[in-house]
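1. Give me coordinates for this.
(2 chains)
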Amino acid sequence: MKSTVWYRLDALAKNLTPFGITLILVLVGVVPLFLPVYARVAPLLPVMAVYHWAMHRPRLLPAYAVFLIGFLQDVLTGMPIGVNIVVFLTIYGVVVSQRRFFAGKSFLISWLGFALVAAGAAAESWLLVSAIHVTLVDARAVLVQYLVTLGCFPVFAWFFLSWQRSVLGQG
Amino acid sequence: MKDPQRPVYRIAAPIKNLAQRFAYMGLVVTAFALMLLGRADTVMVERVRAHVTDAVAPILDVMSRPVATANEVIDQVRELVDLRAENQRLRQEKARLLRWQTVARRMEAENGTLRAMLNFNAVPPASFVSARVIADNSGAFSQSLVLNAGAREGVRKGSVAITGDGLVGRIAATGNRSARLLLITDLNSHIPVLLESSGIRAILAGDNTDRPRLIRLPQRAAVTPGERIVTSGHGGAFPPRLPVGVVASVSESGIRVQPFVERNHIEYVRVVDFGLSGILALPQSTRPVAKPSAGQPTPDP
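-> All right, here's what the predicted structure looks like:
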């Protein structure tokens, strides 16, 4: 009897890790690194996490969890509250609806998918922020940030995949 | 256990699917509602933001420490490498500063005499709090920092943040143990400034790039690159004559200013309460909606 309780607790803790990892990445994303030009080109870590978990384990990262992550990102980055929620939910919705297409495809396809989704996300946040401030925000920094995020994706995808294989198992 | 052939699941699955879709749409609509609310009720949204930031501040504080320590070590190694050159430079600077010291002493004495003659009331001394930067959100969409000091330490909304180099920005919101510092490069930052040598008044407007623009200059004002920019003190939000930056470029598209403070090197800031309230200190009950998030509420042309 006791062993099943422990087993369930263990499973619950493991199942919370996709949400936890994404949350930690939001925090890591705002920690100052004091590197020249880093802040302007810092990769958007939560975008990668939401993309990955939406594709591989959407049950463990439900839409309301994505909402919370977007909310925290908005609060901490000083952006108008709601922008990142909408952007993250869009990524989530698009990826979950296209899951079947990506199932069993190579990593290159997944990266290509990320390139498209992240481009859409960058354009969406640029549009929303520009609309809220009623002025055109400088788009060059957005583009650079997008490219850096795209370049960093394989590293993080590898980390998510190995975490998934070693901790979450098949499911 | 879940057998898709069983009738319960055949009916339940589509319903569950539909419910999930509704929940998803509900969340998206809520997010848009939050955006509109953020435009309408700035005060409430800022308060929520301050509370959440406060809650996360201790975690950020801990997370930012190893990075800061690693950077210090790297800096120390770098300093060791060019010790000789640095020494040489400091000697030269010392000689230069000694000359300035003589000038300053003479002027101080002169100033004292003149003040005594005029019966001049000196400005009250400012109080300050030193704070560490625990989060850097300077991206394409906003330029702000989170500090590890808040209302508890005496940081007030509207206080001015400076480093040894010059003006950094001002406090846009305070929590209990954290505060949000709006940089002069942020889109919402508008600061009344003076061109130091010519005395021309202008507004320094951030646009989320590293070099804010100089706007609202008088017609045909002659501006040359390299001219120093200081705060003018107009509007009562900033004290006069705080160093801000130098004119970096003058072109058809506008005048750009290079701030003295290099943003990537801001590890600690001094939050100074000059006792200036400016427009920010208006009671919230009288101006609940039209309150700007920070900076000078000068509309963009």
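
2. CA only for contacts and neighbour counts going forward, please
-> Will do.

3. Now the element after the worst-scoring helix or strand of chain A on mean pLDDT, going C-ward?
-> Within chain A, no helix or strand scores below helix A:38-41, which has a mean of 62 by mean pLDDT, DSSP states H and E. Heading C-terminal from helix A:38-41, the first helix or strand you meet, by DSSP states H and E, is helix A:45-56.

4. Dump that next one to CSV, keeping only the CA atoms.
-> C-alpha atoms of helix A:45-56 as CSV (Å, rounded to 0.1, in the frame of the first residue of the first chain):
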residue,chain,number,x,y,z
LEU,A,45,14.3,30.4,-23.3
PRO,A,46,10.6,29.9,-22.3
VAL,A,47,9.6,29.9,-26.0
MET,A,48,11.8,26.8,-26.6
ALA,A,49,10.4,25.1,-23.5
VAL,A,50,6.8,25.7,-24.4
TYR,A,51,7.4,24.5,-28.0
HIS,A,52,9.1,21.4,-26.8
TRP,A,53,6.6,20.3,-24.1
ALA,A,54,3.6,21.2,-26.3
MET,A,55,5.0,18.8,-28.9
HIS,A,56,6.1,16.0,-26.7
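
5. any chance you could map the helices in the stretch 151-300 of chain B?
-> Under the criterion DSSP state H, counting those that start in this stretch, the stretch 151-300 of chain B contains no helices.

6. Quick check: residues of it near chain A?
-> When proximity is defined by CA under 8 Å from any CA of the partner chain, the stretch 151-300 of chain B lies next to chain A at B:Asp207, B:Asn208, B:Thr209, B:Asn264, B:His265, B:Ile266, B:Glu267.

7. Where does the prediction get shaky in the stretch 201-301 of chain B?
-> B:276-301 (pLDDT under 70).

8. Can you name the residue of it nearest chain A?
-> Going by CA to the nearest CA, chain A is nearest to B:Asn264 of the stretch 201-301 of chain B, at 5.0 Å.

9. now B:Leu34: how far from B:Gly254?
-> Using CA to CA, to the nearest Å, one gets 35 Å for the distance from B:Leu34 to B:Gly254.

10. correction: B:Ile266
-> 27 Å.

11. Tell me, how many residues neighbour the residue of the stretch 201-301 of chain B closest to chain A?
-> 17 (other CA atoms under 10 Å in any protein chain shown).

12. B:Asn137 now?
-> 24.

13. What score does residue 8 have for pLDDT?
-> Let's take chain A. pLDDT for A:Arg8: 88.

14. nope, chain B please
-> So B:Val8 comes in at 66 (pLDDT).

15. Contact residues of the stretch 1-150 of chain B facing chain A?
-> B:23-24, B:27-28, B:31-35, B:38-39, B:45, B:49, B:52-53, B:60, B:63-64, B:67-68, B:71, B:133-144.

16. List only buried entries from the residues you listed.
-> Buried members of these, scored by 16 or more other CA atoms under 10 Å in any protein chain shown, are B:24, B:27-28, B:31-32, B:34-35, B:38-39, B:45, B:49, B:52-53, B:60, B:63-64, B:68, B:133-144.

17. sorry, back to before: give me the buried subset of the residues of the stretch 151-300 of chain B next to chain A.
-> Neighbour counting with 16+ other CA under 10 Å marks B:Asp207, B:Asn208, B:Thr209, B:Asn264, B:Ile266, B:Glu267 as buried within these.
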